[in-house]
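# the sequence isn't on hand, but the structure is:
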């Protein structure tokens, strides 16, 4: 069945992409919890469709603005939740639960920076998708969409490639802030992140749809710049804290040494 259009909606803190067909809908990511009423209202009021036409909600990774609304969509529409085939939960264990809370607080921080009013962003730290997919698989009920594994930001990031039009949704792989492109935070694995950028570049996509940014044609030179400037070391909350603690330790040692040796 031919794709009618891909609609971009302004979400709570991210861009939302909805693939519209004659009698079915595909949501390219799981949104924030706060986005669910708006998306469903768009379906019923603007598209004038029953919400039961939302057949699949993808979850590209587990951050609040990509997984936060998935279970709410399923509860209200009966849609399938489709996500990466992983044996472990991203927010597994005590450390994972702590990171889940930190990530929700970061989402609130981004919302405040964007002038958004406070919303409930809570969602389950664990996701048990109806369908788990791997690199090269097709999205259930939407065969013209191919799943691409593009990890680096987390260990389970997915991108979605619309084969006929060569449009690709890359979630948080690439971020466009005003007039510049930047790498996402965190970067879980820099090597995998660079490989993922190279993978998307090799597709020669007609359009790149970014969760933080808009849909945009990105040329090879820009991809090369992103690859060259990509972080070479992990950039996570844990690594940032460790770096600051080490910096403070070194700074304190320097101060102490100078006090002991004031002529140095």
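Received, thanks. These numbers come from a predicted model, not from an experiment.

# longest strand anywhere in this structure?
In terms of residue count, the longest strand belonging to the chain (DSSP state E) is strand 142-149.

# distance between it and the chain's centre?
Mean-position distance between strand 142-149 and its chain equals 17 Å (CA atoms, centre = their mean, to the nearest Å).

# what does stretch 220-228 give?
For stretch 220-228, the distance to the chain centre is 20 Å (CA atoms, centre = their mean).

# re earlier: would you mark the buried spots in the longest strand of the chain?
The neighbour-count check on strand 142-149 (16 or more other CB atoms under 10 Å) flags 142, 144-149 as buried. Just so you know, the C-beta spots here come from the backbone N, C-alpha and C atoms, and that holds for glycine as well.

# could you pull out the strands in the stretch 151-264 of the chain for me?
In the stretch 151-264 of the chain, the strands defined using DSSP state E, counting those that start in this stretch lie at 158-162, 167-169, 175-177, 180-182, 207-209, 215-216.

# the stretch 1-150 of the chain now?
5-10, 15-20, 25-27, 54-59, 80-84, 131-133, 138-139, 142-149.

# next, the angle from the first one to strand 15-20.
So the one you mean is strand 5-10. Put simply, strand 5-10 runs at 150 degrees to strand 15-20, going by axes from the mean of the first three to the mean of the last three CA atoms, to 10 degrees.

# which residues does strand 5-10 contact?
15-20, 28, 35, 38-39, 42, 162, 167, 209, 214-215 (CB atoms under 8 Å, 6 or more residues apart in numbering).

# if we can go back for a sec, and of the strands of the stretch 1-150 of the chain, who's closest to residue 181?
Closest to residue 181 of the strands of the stretch 1-150 of the chain, according to CB to CB: strand 15-20, at 14.8 Å.

# neighbouring strands for the closest one, and are they parallel or not?
Within its sheet, strand 15-20 is paired with strand 5-10 (antiparallel), strand 25-27 (antiparallel), according to DSSP bridges.

# circling back: got CSV for the strands of the stretch 1-150 of the chain, with distance to residue 234 and mean pLDDT too?
Shown next, in CSV, are the strands of the stretch 1-150 of the chain (distance: least, CB to CB, whole Å; pLDDT from 0 to 100):
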stretch, distance to residue 234, mean pLDDT
strand 5-10, 31, 98
strand 15-20, 26, 98
strand 25-27, 30, 99
strand 54-59, 23, 98
strand 80-84, 20, 98
strand 131-133, 26, 98
strand 138-139, 30, 98
strand 142-149, 19, 98
